[in-house]
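Participant: Would you be able to build a 3D model of this:
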Amino acid sequence: MASYIQRSLGDGETVIARAHFHGLYVAAAWAMLLVPGLLLLVALGLHVAGNDTQSSSGMIGLTLTVPLFLIGLWMFLTLMIRKWTTEIGVTSHRFVMKTGLFTLRSNEIALPNIEGVKVVQGFIGRIFDYGTVRIEGTGVDAVTTPTIADPIGFVRGIQTAREHVAVLGTKA
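Facilitator: Below is the predicted model:
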């Protein structure tokens, strides 16, 4: 199935750049699932190895790790569903950000209407090359991306698309 951005392209419109979630985002999501999962497996192993289903230490371990695992599963799914259902891109005519699993929410700003673009990277973001991009447009609220990989490269894509529009004198 084609992506939202591909399906929404107009005649002569092409995709210039796409933003992606950073690998650390995915690693953090998996850690939220695997760490409690491993703790649950250890607690189950200790409970079974104790051969005493009434053991208080085994039950305490299970009582603590099952909710922890369920919270980790919820956090994993929340982060990954956001990743799976978010599209961010720049076409030859506009900036597009689409989110949503059961509902669709899109923010689109025509390239000529973009007044400013800001990159926000903290210290760790500079080291690992991730951050957010804020696109400010005329007559619309600003759109801030979630944390993406290579935000400076994405801004370069926006500038390339804007220069393309300026050179051709096209209107989005």
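
Participant: For the rest of this, base every contact and every neighbour count on C-alpha atoms.
Facilitator: Fine.

Participant: how does this protein divide into domains?
Facilitator: Following automatic domain parsing, the chain resolves into domains at 4-21+87-168, 26-82.

Participant: Let me know the helix or strand that Arg18 is in.
Facilitator: Per DSSP states H and E: Arg18 is located in strand 15-19.

Participant: cool, Met97 as well?
Facilitator: Counting by DSSP H and E, Met97 is found in strand 94-99.

Participant: Tell me the first helix or strand C-terminal of that strand.
Facilitator: Strand 94-99 is succeeded, C-terminally, by strand 105-110 (DSSP H and E).

Participant: Now do the strand holding Arg18: distance to the chain's middle.
Facilitator: Centroid separation between strand 15-19 and its chain, computed with C-alpha atoms, centre = their mean, to the nearest Å, is 15 Å.

Participant: residue ranges of the helices in the protein, please?
Facilitator: Using DSSP state H, the helices of the chain run over residues 4-7, 23-49, 56-84, 123-128, 151-168.

Participant: for the ones you listed, which one sits closest to Ile16?
Facilitator: Closest approach to Ile16 among those (C-alpha to C-alpha): helix 151-168, 6.3 Å.

Participant: Tell me how many other residues crowd the nearest residue to Arg18 once chain neighbours are set aside.
Facilitator: Closest residue to Arg18 apart from its sequence neighbours, by C-alpha to C-alpha, 6 or more residues apart in numbering: Gly89 at 4.1 Å. When neighbours are counted by other C-alpha atoms under 10 Å, Gly89 registers 20.

Participant: for the one 5 residues further on, same thing?
Facilitator: Using other C-alpha under 10 Å, the number of residues around Arg94 comes to 24.

Participant: Isn't it up against Ile88?
Facilitator: No: look at Arg94 against Ile88 with C-alpha atoms under 8 Å: they stay out of range, at 11.0 Å.

Participant: Understood, closing this out.
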